[in-house]
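Student: Quick one: sequence and predicted model below, then my questions.
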Amino acid sequence: MTAVTSPAAAASPSSPAPSAAPSLTPVFVRLKLSLLRNGLKGSSKRKAAWISSLVFALVVGFFTTLGLAMLHGNAHAGTVVVLLAAILALGWTCMPLFFPTGDETLDPSRLVMLPLRPRPLVRALLASSLVGIGPMFTLCLAIGSVIAVARGAAGVAAAVVAAPLLLVGCVALARAVATANVRLLTSRKGRDLALLSGLLIAVGAQLANFASQRLFQTGGLSQLEPAEAVLRWLPPATAVGMVDSASKGSYGQAAAQLALTLGALALLLWFWERSLTKLMVAPDGSTIAAAKPEKNRAERGFWSLLPAGRTGAVMQRTLRYAVRDPKTKSAIVTALAIGLIIPVFNALQGTGSLYLACFGAGMLGIQMYNQFGQDTSAFWMVAQTLGTTHDAYVELRGRAAALALVTVPYTVFVTVVTAALVGNWSDFPAALGLALALLGAMLCTGALASARYPYSIPTEGAFKNVAPGQAGLAWLSILGGMLAAALLCAPLIALTIWLNVADHQGLSWLVLPLGVAWGALATWTGLRLAAPVVARRLPEILAAVSKG
């Protein structure tokens, strides 16, 4: 009789059981270290930059930690470190938005084809994200912050927990934001954000300077205590607030702040996991065809308001470049922001002048310089349509009109805001007329500089705006043009000064119509003089703007 053996019984008792999947965390940490090490082998410049950054971060981190530790026992130590923790969290939140390529080697979208589950992937990415210069610097600040407020056994015990919690919270916040916006950060809009990071730093520096001056004029750090009382309950600054509360014997508050910190971290990790899951399974928007019917001219909204013919087409092309090209957009937005910041902040500090509104007109007038360089090598398509001097004149006129469409209302706006802040409406017509005259003069010299001194703008490199070997040409074009524009406006400037010195301020309104006429005449003259130069030098211009 033959015995029937079940498959389970037939299996050899010595056959090995399926082994558990290895942990991803050490693999990703080793991968991060290998990427850092291998990235330094290819270029001596990259190695020097990384070592310099490391040394700088270590030196600044050491002295900052030492300075924070010296605040131990100070009455305002809690205020300083809680605000510092909030600023750190804000910096880590914004960092992936404005520097999206800082750690592109660990972009989770690169891992979508691998059989990885979101939860182990979150742990692995979090651990690997703790390796680097940024986390090391943040840890130094976290250690210094908890030392500044830790007192007694309870405070020391809370400090041991708070420092790593603050670091992990900041890193997890940055990673969650980056993952949720990974489609944006890898697109053209993400590159636009990276280019605007310089503007953010400039505006932030001005705000910090203004805030520090106002702070020390109105009572020092005690003025920040209401803000600190709110921020100590907002994670991850609650980690530092917990140490301060435990040191003061407020154990209930410390426990509540610890619970808030852990709860916020858990919620953040859950959001990160959800974003990873969506990223792994959602289709890429670039693979979905956008089948939208083309609108006719009557349905194009704003574009239908532009003039017909070549002038309107050139204006539309120039405005679309300003919206779509990252470097052009960055230059215009930076000019708009700085042109407003300078007069407004000077007015708020009590040192402002209404005539500083001319600074905004000058900043935007610079955008007229090197018009053909913005086209790069694609200028050959424009050059094919410039058969006569009249064609070149219409081309330049369309570009100048597109710029004036933005700069004229902006100049009026800046002058109105500055007049309201300084309370000087009597000089408003003269200041506006002078600003419009300066704008027209810069459109004039910008057209001439574009024709005679074109240079190439490289398409690669976020902060590289001049091709190698053309930097001197660019500086000559811009500085020479600005000086020439000031000389063109010299008669109007002299008239404005004479009206103020001779106490004829009642006649200062005459500067406004004179400035408008002066600016329009200067613009027309510059376009007329530049047009034959452009028509004659098309091959030279194309060669100059194609070097990037």
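Tutor: Looks like it arrived, so ask away.

Student: Give the next helix or strand downstream of the lowest-mean-pLDDT helix or strand in the chain.
Tutor: Every helix and strand of the chain was ranked by mean pLDDT, DSSP states H and E. The lowest is helix 7-10, at a mean of 44. Counting by DSSP states H and E, the next helix or strand C-terminal to helix 7-10 is helix 24-39.

Student: which helices and strands sit right next to that next one?
Tutor: helix 118-129 (3 or more C-beta pairs under 8 Å, 6 or more residues apart in numbering; DSSP states H and E). Yep, even glycine has a C-beta here, placed from its N, CA and C like the rest.

Student: Could you tell me the angle between the helix it packs on and helix 24-39?
Tutor: Put simply, helix 118-129 runs at 40 degrees to helix 24-39, going by axes from the mean of the first three to the mean of the last three C-alpha atoms, to 10 degrees.

Student: for helix 118-129, packing partners?
Tutor: Against helix 118-129 (3+ C-beta pairs under 8 Å, 6+ apart) you get helix 24-39, helix 152-180, helix 251-281.

Student: Kindly provide the whole-number mean pLDDT of that helix.
Tutor: Per-region confidence: helix 118-129 scores 86 on mean pLDDT.

Student: again, but for stretch 85-93
Tutor: pLDDT averaged over stretch 85-93 gives 88.

Student: got the contact list for that stretch?
Tutor: 138, 141-142, 145, 166, 169-171, 173-174, 177, 231, 234-237, 239-240 (C-beta atoms under 8 Å, 6 or more residues apart in numbering).

Student: so how far is it from its chain's centroid?
Tutor: 16 Å (C-alpha atoms, centre = their mean, to the nearest Å).

Student: One more: stretch 81-98?
Tutor: 15 Å.

Student: in stretch 506-526, what counts as buried?
Tutor: 508-512, 514-516, 518-519, 522-526 (16 or more other C-beta atoms under 10 Å).

Student: Among those residues, which ones are in helices?
Tutor: Of these, the ones assigned to helices by DSSP state H are 511-512, 514-516, 518-519, 522-526.

Student: With pLDDT and distance to A85 as extra columns, can I get the residues you listed in JSON lines?
Tutor: Shown next, in JSON lines, are those (pLDDT from 0 to 100; distance: C-beta to C-beta, whole Å):
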{"residue": "V511", "pLDDT": "84", "distance to A85": "52"}
{"residue": "L512", "pLDDT": "88", "distance to A85": "52"}
{"residue": "L514", "pLDDT": "91", "distance to A85": "56"}
{"residue": "G515", "pLDDT": "89", "distance to A85": "51"}
{"residue": "V516", "pLDDT": "91", "distance to A85": "53"}
{"residue": "W518", "pLDDT": "91", "distance to A85": "55"}
{"residue": "G519", "pLDDT": "90", "distance to A85": "51"}
{"residue": "A522", "pLDDT": "91", "distance to A85": "54"}
{"residue": "T523", "pLDDT": "92", "distance to A85": "53"}
{"residue": "W524", "pLDDT": "93", "distance to A85": "58"}
{"residue": "T525", "pLDDT": "92", "distance to A85": "59"}
{"residue": "G526", "pLDDT": "91", "distance to A85": "54"}
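
Student: Can you show me the helices along the stretch 401-548 of the chain?
Tutor: 428-452, 471-488, 490-501, 511-536, 538-545 (DSSP state H, counting those that start in this stretch).

Student: just the helices and strands packed on helix 118-129: most buried one?
Tutor: helix 152-180 (a mean of 22; mean count of other C-beta atoms under 10 Å).

Student: Hmm, N370 and A449 touching each other?
Tutor: Yes. A449 lies in contact with N370 (C-beta atoms under 8 Å); the separation is 7.0 Å.

Student: The residue lying closest to A544 once chain neighbours are set aside: what's it in contact with?
Tutor: Of all residues not flanking A544 in the chain, P454 sits nearest, at 4.4 Å (C-beta to C-beta, 6 or more residues apart in numbering). By C-beta under 8 Å, 6+ apart, the residues touching P454 are 370, 372-373, 540-541, 544-545.

Student: Equivalent analysis for L173, please.
Tutor: 89, 92-93, 236, 268.

Student: P307: which element?
Tutor: With DSSP H and E as the test, P307 turns up in no helix or strand.

Student: if we can go back for a sec, distance to V416 added to the ones in helices among the buried residues of stretch 506-526, as JSON lines?
Tutor: What follows is these, written out as JSON lines (distance: C-beta to C-beta, whole Å):
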{"residue": "V511", "distance to V416": "16"}
{"residue": "L512", "distance to V416": "13"}
{"residue": "L514", "distance to V416": "20"}
{"residue": "G515", "distance to V416": "15"}
{"residue": "V516", "distance to V416": "16"}
{"residue": "W518", "distance to V416": "21"}
{"residue": "G519", "distance to V416": "18"}
{"residue": "A522", "distance to V416": "23"}
{"residue": "T523", "distance to V416": "23"}
{"residue": "W524", "distance to V416": "27"}
{"residue": "T525", "distance to V416": "29"}
{"residue": "G526", "distance to V416": "27"}
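
Student: between the residues you listed, which is closest to E395?
Tutor: G526 (13.7 Å; C-beta to C-beta).

Student: That closest one and G519, how far apart?
Tutor: G526 sits 11 Å away from G519, going by C-beta to C-beta, to the nearest Å.

Student: ditto for A259
Tutor: In terms of C-beta to C-beta, A259 sits 64 Å off from G519.

Student: and if you look at L88?
Tutor: Applying C-beta to C-beta to L88 and G519 gives a distance of 48 Å.

Student: ditto for C94
Tutor: 39 Å.

Student: Secondary structure element for L71, which one?
Tutor: Short version, using DSSP H and E: L71 is in no helix or strand.

Student: Phi and psi next, for Y453.
Tutor: phi -130, psi 60 (degrees, to the nearest 10).

Student: Just give the number of residues close to it.
Tutor: Using other C-beta atoms under 10 Å, Y453 has 21 other residues around it.

Student: these two touch, right, it and W475?
Tutor: No. Using C-beta under 8 Å as the test, Y453 is too far from W475 to be in contact (10.0 Å).

Student: per the record, what domains does the protein have?
Tutor: Domain ranges of the chain: 47-281, 309-545, per automatic domain parsing.

Student: Tabulate those in CSV, adding columns for distance to V29.
Tutor: Formatted as CSV, these follow (distance: least, C-beta to C-beta, whole Å):
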stretch, distance to V29
domain 47-281, 5
domain 309-545, 29
